[in-house]
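In: Give me coordinates for this.
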Amino acid sequence: MKFIINKEELAQKLQIIFGPTTTKQNFPILNSVLISALSNNKLRFITTDLDITIISSQEATVSETGEIAIPMKRFISIVKELPPHNITIETTKNNLLIKCEKIEFKLNTLDPKEFPIIEEVKKISLIKINSCDLEEMIRLTSFCVGYEDTNYVLNGIFFEISNDNINTIATDGKRLSFISKKLPASQPEVKTKISFILPIKAVNELYKLIKEENSEIFLSIEENKITFDLKGTQFIARPIEGEFPNYSQYIPKENKDKLKINRLQLILALRRADLLSTPDYQGVKLELKKDGLVVSKNTPQLGEVKELLDAQYAGAALQIGFNPNYLIDALKNLEDQDVSFEFFGPDKPAVLRKENYIYLTLPIKM
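Out: You can find the predicted model right below:
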């Protein structure tokens, strides 16, 4: 195998596919990248941990076809430190030669026959999704994912697609986030409802791939395999098996008791109050009044803080406590100047509601 490729292009490609190789494994082959040099001046890169697989292609000048498995962490570290010129890569017996200008590295390699057999997903029954929409949907739900072993179906984002809509939902049992988007106009109506739970590890890796994208992504679902296809890269993941809770029963109907407040001012006040939090005293008290909102925190043996914020509130006076981080997580991922919360009583969840998005979090006793 022998090919020539631009250093920056190779470094960027390795960064894209790096994720699945970072998990500690008992099998060294899973910590490597499989590179295939093809006859059409294309390189194919594959990384996998058996739960997540990334397949990506890149143009290069291929003078000799072949494939090789290279320890990923060492390989990407070397490439990043090379000067910004073309790199020549070739195999000799069990070694990989990396040449750039007057620099030459020789790396031990692994047997590519030991690498798991990975097949690219055929482009059939694809669903189009706008990458910017998917990025926002993941950003506004992923922080609600649970991490407990006992209720594993909550350890990912629930996707449901039907008609011309795609919804994503996440909950850890204490808070819930829901967002809905329209599929692109060019996408035919999805007549049969599709749903799956994408594990949080896969969600995080997918987010890295799409956060800088602005294009259409093609989603396909096969038995025990979810594939996102974007610009020459396929992201394949195993979904979580099981039934996601009926989330709609937990979302209350819209309430007239609303608090409208500046989003950034509320974040800052919550962060200041959280400075006095301890594991035993996590709650921050909100006092809702017609002329504003009081954010306060009182921690025995530590101190107290109180802050008055300008706000508009329509409803009866109310005192209610929350874990401040549960409110901050949602607020910091939004971009609105003002936000609106609905309240239903001191022992009921607060609901942040805007167009196509709902976030609710349970109160805590103060």
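
In: Show me where the stretch 251-366 of the chain has its strands.
Out: Counting by DSSP state E, counting those that start in this stretch, the stretch 251-366 of the chain has strands at residues 258-262, 284-289, 292-299, 303-309, 311-314, 318-322, 338-342, 350-354, 357-361.

In: Who's the closest spatial neighbour of V79, skipping the chain neighbours?
Out: A11 (5.0 Å; CB to CB, 6 or more residues apart in numbering). Every C-beta, even on glycine, is put in place using the N, C-alpha and C of the backbone.

In: Return the distance of the one you found relative to K306.
Out: Distance of A11 to K306, computed by CB to CB, to the nearest Å: 51 Å.

In: can you check E8 too?
Out: Here the criterion is CB to CB. By it, E8 lies 53 Å from K306.

In: circling back: which one's more surrounded, A11 and K306?
Out: A count of neighbours by other CB atoms under 10 Å puts A11 above the other of A11 and K306, at 19 against 12.

In: Let me see the contact set for that one.
Out: 76, 79-80 (CB atoms under 8 Å, 6 or more residues apart in numbering).

In: Give me the ChimeraX select line for those, limited to the buried ones.
Out: Selection of the buried residues among these in ChimeraX, burial being defined by 16 or more other CB atoms under 10 Å:
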select :76,79
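
In: so when I look at the residue nearest to V79, I'm seeing a strand, right?
Out: No. A11 is assigned helix when assessed by DSSP: H, G, I helix; E, B strand; the rest coil, not a strand.

In: I'd like the distance between it and I87.
Out: Counting by CB to CB, the separation of A11 from I87 is 9 Å.

In: quick one: common contacting residues for the two?
Out: V79.

In: Deepest-packed of the strands of the stretch 251-366 of the chain, please.
Out: Most buried of the strands of the stretch 251-366 of the chain by mean neighbour count (mean count of other CB atoms under 10 Å) is strand 357-361; its value is a mean of 23.

In: by contact count, what packs against that one?
Out: strand 175-182, helix 324-333, strand 350-354 (3 or more CB pairs under 8 Å, 6 or more residues apart in numbering; DSSP states H and E).

In: Buried residues in the second one, which are they?
Out: Under the neighbour-count criterion of 16+ other CB under 10 Å, helix 324-333 has 324, 326-331 buried.

In: tell me which strands and helices that helix is in contact with?
Out: Against helix 324-333 (3+ CB pairs under 8 Å, 6+ apart) you get strand 175-182, helix 263-274, strand 357-361.

In: So which of the ones you listed is nearest P245?
Out: Ranking the helices and strands packed on helix 324-333 by proximity to P245 (CB to CB) places strand 175-182 first, at 9.3 Å.
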